[in-house]
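A.B. asks: Return atomic coordinates for the entry below.
(one chain, ligands or ions: 1)
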Amino acid sequence: MATDYDAPRKTEEDISEDSLEELKVHRTDKQSAVVDEDEAEAADSFELPGADLSGEELLVQVLPAQADEFTCASCFLVRHRSQVAREKDGLLYCRDCEG
Ligand SMILES: [Zn+2]
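C.D. replies: Next comes the predicted model:
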């Protein structure tokens, strides 16, 4: 229990941990309240004009199929040419969709 190195260390750790945790608790309380307000305001004023549009463009853009790939006309997944099960009216269907 009472060893030479253990006793003084524990006392120091206890003291510092206690004070640190007290600081953390107080800080997070204040910070979270402030951050919430800031984020709400930021969402209203900043995100609508610019950021959303660029993000949606990226999402909507479909990656062009590579030379050895095709886009299934049924599930719209880009698949390897070896997965073509049927071609009809210039549309390609993958094995998964053709069963
Ligand atoms: Zn498919």
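
A.B. asks: domain ranges for this structure?
C.D. replies: What automatic domain parsing lists as the domains of the chain is 1-61, 62-99.

A.B. asks: Can you give me the buried ones in the shortest one?
C.D. replies: The neighbour-count criterion (16 or more other Cβ atoms under 10 Å) identifies 69-73, 79, 83, 92-94, 97 as the buried residues of domain 62-99. Using the backbone N, CA and C atoms, a C-beta is placed for each residue, glycine as well.

A.B. asks: if we can go back for a sec, mean pLDDT for the domains of the chain: which is lowest?
C.D. replies: With a mean of 61, domain 1-61 has the lowest mean pLDDT of these.

A.B. asks: tell me the secondary structure for residue 73?
C.D. replies: Following DSSP: H, G, I helix; E, B strand; the rest coil, we place residue 73 in the coil state.

A.B. asks: quick one: it from the ion, how far?
C.D. replies: Using Cβ to the ion, to the nearest Å, residue 73 is found at 8 Å from the ion.

A.B. asks: Tell me which residues touch that residue, please.
C.D. replies: 91-93 (Cβ atoms under 8 Å, 6 or more residues apart in numbering).
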